[in-house]
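[1] fold the following and give me the result.
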Amino acid sequence: MILAPTVRSVSPRVTAATGCERMRWLIVFVLACLVFNHLQSWLARIGLGRVPGDFTVTVAGRKLYLPVGSSLLLTLLMNVLMRWW
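    Numbers count the residues shown, from 1 in each chain. Here you go, the predicted structure:
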């Protein structure tokens, strides 16, 4: 009796993010912060853009808006929409 070799399914390995991928996400986050900074006054007029976790920092007389909470909220919303779609 001849036994056929068993074939194992190989699951894809999860690898750590490389330096290039980390830099790409850093650039995306900085660009998102710049967009939120420019849209902050418009969003405030219509009552949006102030989520707990969003920080406003004053540096050299200029207000900088760091939308950490808004970024997390939008990420969760997009994740739910993409899974539903």
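
[2] show me the beta-bridge partners of the closest residue to Asn37 other than its chain neighbours.
    The shortest distance from Asn37 to any non-neighbouring residue, by CB to CB, 6 or more residues apart in numbering, is to Tyr65 (4.9 Å). All C-beta atoms are positioned from the backbone trio N, CA, C, and that covers glycine. For Tyr65, the beta-bridge partners under DSSP bridges are Thr56.

[3] just the pLDDT at Tyr65, thanks.
    For Tyr65, the pLDDT comes out at 78.

[4] mind listing what it touches?
    Contacts here follow CB atoms under 8 Å, 6 or more residues apart in numbering; on that basis Tyr65 touches 33, 36-37, 40, 49, 54-56.

[5] mind doing that once more with 10 Å?
    33-34, 36-41, 43-44, 49-50, 54-57 (CB atoms under 10 Å, 6 or more residues apart in numbering).

[6] can you tell me which of the residues you listed are in strands?
    Here DSSP state E is the test, and these give 54-57 as lying in strands.

[7] those residues: which two are farthest apart?
    Asp54 and Val57 (10.8 Å; CB to CB).

[8] shared neighbours of the two, which are they?
    65-66.

[9] about what we covered before: ok, and the most crowded of the ones in strands among the contacts of Tyr65?
    Most neighbours among those, by other CB atoms under 10 Å: Asp54, with 18 neighbours.

[10] isn't that one right next to Leu74, touching?
    No: Asp54 sits out of contact with Leu74 when judged by CB atoms under 10 Å, with a separation of 11.6 Å.

[11] who touches both of these two?
    Between them, Asp54 and Leu74 share the contacting residues 36, 67, judged by CB under 10 Å, 6+ apart.

[12] no further queries at this time; thank you.
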